[in-house]
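Sequence first, then the predicted structure, then my questions.
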Amino acid sequence: MNVWGWGVVAVGVGAAAAWWSYSRLAVQLPRAWRYGLGALRALAIAALVFLLGEPAWSRKVARTLPPRVVVVADNSQSVVWGDCLTVAAYQQGVRALVQALRQRGVEVIEYLLEERVRRGDSLTGQGQASPLAEGLATVLQQEPQAAAVLLISDGRETGEPLPLSSAVPVWTLAVGPTPPPDAVLESVEVPPWLREKQPIQLRVRLHTAGSPAVLTVTFPGGRQRLPLLASERTVLLNLSPLPAGLHKVQLQLEVAGDPNPANNVHTLILSVASDQPTFYLWAGEITPDIAFLRRLLEKIGPVRLIAARKPSGYTLNPETLITTPHSVHVLYNFPARPEDEVWLNRLFRENRFLLAIWGAVTLHPEQLRELGWEEIGPLLPYTLFGGPTVYAHTGHFAATVRPIEIGWPFPIGYKYYRGNKLLTAITGEGWWQLRAYPTLLAQWDSLISALVQEGLLFQRSQLAFAPRRLVFAPGEAITWRGYLPPGTAFYFQGRQWPVQTAPDGLTEAVAVVDSAGTYTYALRRGDSVVAAGYVVVSAFSRELRRLGRDTTYLAYLARTTGGKMLLWEARHTLPAALLEAVPAQRLLSLQHETIPFHEWGLWLGLILFLLCAEWLLRRYVGLY
């Protein structure tokens, strides 16, 4: 019986005892005295009976603490480059912001972001890198009790732009210089497909900052120096045909008095193929998207279209297809009809390489897992630098998924290793709009080309083992990662290099080089080389290749986690805005507390008081 039920029983027993004691007295008492004495006895008996049941009171006790805000300050060189913001002013501003949060009752944990994220508050502005996404992921893992994370940075990502999925909101504060006119090699556009015995034309986009310049191109077997006018923005470079394989090409822009020469060097590896792939384009229906993609693929090789008819069937019978080791199957918004699932499962099972472009089509969970998705989210709109609006999916990926970076601040695509198979995918729809924007079209074209080149190399060698990127800084760890079949050895700097198996089943190798230069690596099976490549260790800091605030990337980090972006000049408004968005307290623990009433000394004192008061009053009126 609960406390309230037993209390009712105790009151009933006490009332019955009082009635029995004072209903028939031999002495005539005034009614007030009789009721008063009866009430004292009823209370005493009721309290005594209540305690005999050993009642207990249970309640929930919550322990709370002030909200915890983790401040991650970018300690890299690009934040304090030039004279716009000194290290002392930067540190003073961060100190004032932290102090303002603490004065409002917030618990603040401080981190510094350099080559690695670490606890600390001593800003020096000497960091050589700023891996923002990787650093935020580490902080979120180390601080699970955080109510919010505040990233103070210029938004210049020098690491791998990993997908950031967090229930903790990330607020971003854009800080950094306004750089002077700076000569820069903006981009180098490579043709979609390079074949041996064919000339190679590169389109170089650059900015000379209004001064005459010289562009030096170093390629296998030669070197060119091209004088440039102050107004030139685009240069077409014609290179002689190269044999099949990987070839290093380096471009350097020379401008007198350039304040930041770190972004004047561009190194790329040209992958020249001896064959031409055949594409099988599996399409849901004929739309402008399909036509646009088909024209891009036809620049690389012949395309055979397999479109789904309505309500059933295909424009080309899939049973008649003759695939080769160099065939690439492209799935573009392929429907999920029962007859389609048969072919989807067969493609997933039989092909070592697939290129999938998924829009609004909803697949079954097992097919999503084949594509590397643990869970898929809705399509979200993204506006590309004042251009068209495209739509991309968000979601949770498998452990072996690696994102693909082409300079757009949202998850455009990824590659997914499934044992000895590789899947590359692009999420979202609306890409056909890029036809009206030549700059964006070139990026899209380069992305398709890179995915196909990687896939064909993977098919030819039955492996994909490559570094995370091409250019590294001296002393930085170079990591190779991918699938390495048994019997294949990894060679770096002319000797066999140790490899290890990662927790997700892939193979990794790590090397650190302190001197600038170009270093070769190879994958050997016996005496034959199945794949080879280069890595470049550059004396120029990656941190200074791009200067100024990248508010687009900072806004993306904030938007995808439910946070908000503010500018450094408006930092005084951040504490109030942040505290309005986070809970006033954080729950530390929630416990059930049991209070036994029969152990309280107060109850014993109350019973003794009631019995003594009744006895004294009975003696006063002549009752014994």
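Perfect, thanks for sending it.

Break down the stretch 1-150 of the chain into its strands, ranges please.
With DSSP state E, counting those that start in this stretch, the ranges of strands along the stretch 1-150 of the chain come out as 56-65, 68-74, 107-113, 117-119, 148-153.

can I get the CA coordinates of stretch 570-582 in PDB?
The C-alpha trace of stretch 570-582 is given here as PDB (Å, rounded to 0.1, in the frame of the first residue of the first chain):
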ATOM      1  CA  ALA A 570      29.900  41.600 -34.000                       C
ATOM      2  CA  ARG A 571      31.400  39.400 -31.300                       C
ATOM      3  CA  HIS A 572      30.000  41.500 -28.500                       C
ATOM      4  CA  THR A 573      26.500  40.300 -29.400                       C
ATOM      5  CA  LEU A 574      27.500  36.600 -29.300                       C
ATOM      6  CA  PRO A 575      27.100  35.800 -25.600                       C
ATOM      7  CA  ALA A 576      23.500  37.000 -25.400                       C
ATOM      8  CA  ALA A 577      22.500  35.300 -28.700                       C
ATOM      9  CA  LEU A 578      24.300  32.000 -27.700                       C
ATOM     10  CA  LEU A 579      22.600  31.800 -24.300                       C
ATOM     11  CA  GLU A 580      19.200  32.400 -25.800                       C
ATOM     12  CA  ALA A 581      19.800  29.300 -28.000                       C
ATOM     13  CA  VAL A 582      21.300  26.800 -25.400                       C
END
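
buried set for that stretch?
Going by neighbour count (16 or more other C-beta atoms under 10 Å), the buried part of stretch 570-582 is 571, 574-575, 578-579, 582. Placement of C-beta: from N, CA and C, glycine included.

Next: stretch 301-320.
Under 16+ other C-beta under 10 Å, the buried positions of stretch 301-320 are 301, 303, 305-308, 314.

and the residues you listed as CSV, adding secondary structure and pLDDT?
Below are the buried residues of stretch 301-320 laid out as CSV (DSSP: H, G, I helix; E, B strand; the rest coil; pLDDT from 0 to 100):
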residue, secondary structure, pLDDT
Gly301, coil, 84
Val303, strand, 91
Leu305, strand, 89
Ile306, strand, 90
Ala307, strand, 87
Ala308, strand, 86
Tyr314, strand, 87
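
The residue nearest to Gly135 when sequence neighbours are not counted pairs with what?
Of all residues not flanking Gly135 in the chain, Val117 sits nearest, at 3.9 Å (C-beta to C-beta, 6 or more residues apart in numbering). Going by DSSP bridges, Val117 is paired in beta bridges with Leu113.

What degree of burial does Val117 show, as a neighbour count?
Other residues within reach of Val117, judged by other C-beta atoms under 10 Å, total 21.

Can you tell me the SS state at Ile448?
Using DSSP: H, G, I helix; E, B strand; the rest coil, the structure places Ile448 in helix.

I'd like to know how far the nearest residue to it once chain neighbours are set aside sits from Glu196.
Distances taken as C-beta to C-beta, 6+ apart put Leu296 closest to Ile448, at 5.4 Å, once the chain neighbours are dropped. Leu296 is 22 Å from Glu196, where distance means C-beta to C-beta, to the nearest Å.

Settle it for me: which of those two has more neighbours?
Neighbours per residue (other C-beta under 10 Å) separate Leu296 from Glu196, with Leu296 holding more: 20 against 13.

Quick check on that one: phi, psi?
In terms of degrees, to the nearest 10, the main-chain angles of Leu296 are phi -70, psi -40.

ok, it touching Gln443?
No - checked against C-beta atoms under 8 Å, the pair Leu296 and Gln443 is beyond contact range at 11.9 Å.

residue contacts, Lys421?
For Lys421, the contact set (C-beta atoms under 8 Å, 6 or more residues apart in numbering) comprises 351-353.

Any stretches of the stretch 251-400 of the chain with poor pLDDT?
For the stretch 251-400 of the chain, the stretches flagged by pLDDT under 70 are 325, 359-363, 385-386, 394-395, 399.
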